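Student: Turn this into a model:
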Amino acid sequence: MSFVEDLFEICSQYTNDSYYVGAEVPEKKFNNVVTEFLIPSGEEILAVVDATVFGSCKNGLAICSGGMYVNNSWTGRTRRSFISWEEFKYADIGKLDRYEIEVTPNFTINIAGSSMKQNVLMEILYQLQSYLNAGEAVRDNDEASPIPEQQDNQWMLAYDGQQYGPYTTQDVIGMIRSNQLNKDVTYAWKQGMEQWEIVGSLSAFTQQPPSAPPPPISLNVSKASEKELVQEEQIIDLNQASIKDLLGLPGVDLAIAQRFIEERVRRNGYTNYQEVRAMLNVQPHEFEEIKESTKLIALSTGGTGRVIDF
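Tutor: Numbers count the residues shown, from 1 in each chain. Prediction:
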């Protein structure tokens, strides 16, 4: 059998009301896993642990052909993360508490909303790890099946102790340009690198075409119009605002800013100020100040790139 078939066979040995294998994953749950866990195209989902109370499968664990993806609720020590099979092979799996399993410090699995027992999930993980370390993946022609390697342009990102990815080079460049990612404090790594490096120090992300300078103001523009243009440039677009931009708004602290950006990514941008007000949950006078000093430009829905919810 192939490497993926061997993994699937291991996953198929277990059953649970919150655990789905292969074609048993309901379509709605499958779609939520792809969207919420940021599963890249080309990944084959072998098994899913639904860790939601009401069965939406927006949180939990996805066991895939290239590794494992997790999307924990806010109670987890980590949120959304990925671990390759090569890294998982050497992980020290252990319990953090009765609901959470630590694979690595950047990859924990919280099953508080699941009916799956912690010991059962740990047994699945141990079985997968034992298989990887035993090197018993054999093709039909008796040749060993190597663990799939990540493509050269697949990057893992790390920020504030949490790991995200994988992303293509163009995904990362797009996040830098849209202020979704601070290249001076975010680390990146891909297969072949000895250690994590600051994104801004990597040539893949620094050798970008220079941005065009702002167009000159016409000489016949009045001083009043010129002042209005300058003020317009200073107005923050809430669909592009960074955490630093949001922290400058009245009533917005770090926790609110992070939740605001996370929800913005999920929605692919806010469409009106009613949505903004509900998310920020600030005082009425603070919201009026925010409306006066910001704008809201709808994001394009034509792109396929993924974004990171710092």
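Student: make it CA atoms for all contacts and neighbour counts henceforth
Tutor: Fine.
Student: Could you list the domains of this structure?
Tutor: According to automatic domain parsing, the chain is divided into the following domains: 3-134, 155-206, 223-295.
Student: Could you export these as CSV, including mean pLDDT?
Tutor: As requested, the domains of the chain are arranged in CSV below (pLDDT from 0 to 100):
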stretch, mean pLDDT
domain 3-134, 91
domain 155-206, 81
domain 223-295, 80
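Student: Adding mean neighbour count, write those out as a markdown table.
Tutor: As requested, those are arranged in a markdown table below (neighbours: other C-alpha atoms under 10 Å):
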| stretch | mean neighbour count |
| --- | --- |
| domain 3-134 | 18 |
| domain 155-206 | 17 |
| domain 223-295 | 15 |
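Student: Would you check how far apart Ile39 and Met68 are?
Tutor: 10 Å (C-alpha to C-alpha, to the nearest Å).
Student: need the contact list for Ala257.
Tutor: With contacts taken as C-alpha atoms under 8 Å, 6 or more residues apart in numbering, Ala257 has the following neighbours: 243, 246-247, 280.
Student: cool, and Gly161?
Tutor: Taking C-alpha under 8 Å, 6+ apart, we find Gly161 in contact with Asn106.
Student: so Val103 touches Ile93, yeah?
Tutor: Yes. In terms of C-alpha atoms under 8 Å, Val103 counts as a neighbour of Ile93; the distance is 4.6 Å.
Student: how about the helices in the stretch 201-310 of the chain?
Tutor: Remark: helices of the stretch 201-310 of the chain, listed N- to C-terminal, are 203-206, 223-234, 243-247, 254-267, 273-280, 284-293; assignment by DSSP state H, counting those that start in this stretch.
Student: related to what we said a few turns ago, okay, the contacts of Ala257 in a markdown table with distance to Asn31 next?
Tutor: What follows is these, written out as a markdown table (distance: C-alpha to C-alpha, whole Å):
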| residue | distance to Asn31 |
| --- | --- |
| Ile243 | 29 |
| Leu246 | 31 |
| Leu247 | 34 |
| Leu280 | 28 |
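Student: Go through the helices of the stretch 201-310 of the chain and name the closest to Gln129.
Tutor: Minimum separation from Gln129 across those (C-alpha to C-alpha) falls at helix 254-267, 32.3 Å.
Student: re the thing from before, nearest to Gln170, out of the helices of the stretch 201-310 of the chain?
Tutor: Among the helices of the stretch 201-310 of the chain, helix 203-206 sits nearest to Gln170 (C-alpha to C-alpha), with 8.9 Å.
Student: just how off-centre is that closest one within its chain?
Tutor: Per C-alpha atoms, centre = their mean, to the nearest Å, the displacement of helix 203-206 from the mean C-alpha position of its chain is 21 Å.
Student: what's next to that helix, contact-wise?
Tutor: With C-alpha under 8 Å, 6+ apart as the contact definition, helix 203-206 has outside contacts at 169, 172-173, 199-200.
Student: Just the closest of those to Ser293, please.
Tutor: Taking those together and measuring to Ser293 by C-alpha to C-alpha, the closest member is Ile173, at 27.9 Å.
Student: Restrict the helix or strand containing the closest one to CA atoms and write it as CSV.
Tutor: Mapping Ile173 onto the secondary structure by DSSP states H and E places it in helix 169-177. Below are the C-alpha coordinates for helix 169-177, written out as CSV (Å, rounded to 0.1, in the frame of the first residue of the first chain):
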residue,chain,number,x,y,z
THR,A,169,5.6,32.7,-1.3
GLN,A,170,2.9,34.8,-3.0
ASP,A,171,0.5,34.3,-0.1
VAL,A,172,3.1,35.7,2.3
ILE,A,173,3.9,38.6,0.0
GLY,A,174,0.2,39.4,-0.3
MET,A,175,-0.2,39.4,3.5
ILE,A,176,2.7,41.8,3.9
ARG,A,177,1.3,44.2,1.3
